[in-house]
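Build me a model:
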Amino acid sequence: MTQHAAPNPGASSSARSAARHQGWVTGGVVFAGVLMLINGALAVLQGIAAIAEDDVYASVGTYVYEMNLTGWGVLHVVLGALVLVTGFGLLRDMAWARFAGIALASLSLVAQFLFLPYAPVWSVIQMAIDVFVIWALASRQDETRRAV
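Numbering: from 1, shown residues only. The predicted model follows:
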């Protein structure tokens, strides 16, 4: 048996709309935190595969932003670990995690863009996830600003 709160007849439609928007944005931040956890773990695994110089990534020949595969691997492991920790911080609703999440998702976006020749489909997927994470974290407002 579920109980639902009776709608407040005195509440204005803009207040109800703001409450719905707040819940949607908060849900977006939680989803962004989960995506950061998954994205960070997968970036660590992507970096380990690059460091191990496995046959996962093919040689791309000459490339403007050329770095050896071990360098890319180290970059992905470090960035992935930081994204993973920030995802945990977001799920625990820590204030620093929002700003760190925006910065790390931006760095991840750039890193995936530069990694496009090695894994084009996966890089585009991760770039789309990073864009959503940046949007979700940037659209959340503090409680004090919402109350005003």
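
Helix or strand for residue 130, just tell me which one.
helix 120-139 (DSSP states H and E).

what's in contact with that helix?
Around helix 120-139, the neighbours that count as contacts under Cβ atoms under 8 Å, 6 or more residues apart in numbering are 25, 28-29, 31-32, 35-36, 39, 42-43, 46, 90, 98, 101-102, 105-106, 108-109, 112-113, 115-116. (Glycine included, C-beta is placed from N, CA and C.)

Selecting buried members of the residues you listed in ChimeraX, what would you type?
This is how ChimeraX selects the buried members of those, with burial counted by 16 or more other Cβ atoms under 10 Å:
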select :25,28,29,32,35,36,39,42,43,46,90,98,101,102,105,108,109,112,115,116
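
Now for residue 65, how many residues are close by?
Number of residues near residue 65 (other Cβ atoms under 10 Å) recorded here: 10.

And it, its phi and psi?
phi -100, psi 50 (degrees, to the nearest 10).

What is the neighbour count of the closest residue in space to it that isn't next to it in sequence?
Closest residue to residue 65 apart from its sequence neighbours, by Cβ to Cβ, 6 or more residues apart in numbering: residue 114 at 4.7 Å. Neighbour count of residue 114, defined by other Cβ under 10 Å: 17.

for the one 4 residues further on, same thing?
Burial measure for residue 118: 18 neighbouring residues, criterion other Cβ under 10 Å.

does it really touch residue 65, like I thought?
No: taking contacts as Cβ atoms under 8 Å, residue 118 lies outside contact range of residue 65: 10.8 Å.

what about this structure, any weak spots by pLDDT?
For the chain, applying pLDDT under 70 flags the ranges 1-26, 54-55, 58-61, 140-148.

all strands for it, in order.
Taking DSSP state E as the criterion, the chain contains no strands.

just the helices in it please.
Assigned by DSSP state H, the helices in the chain fall at 13-51, 69-91, 95-114, 120-139, 143-147.
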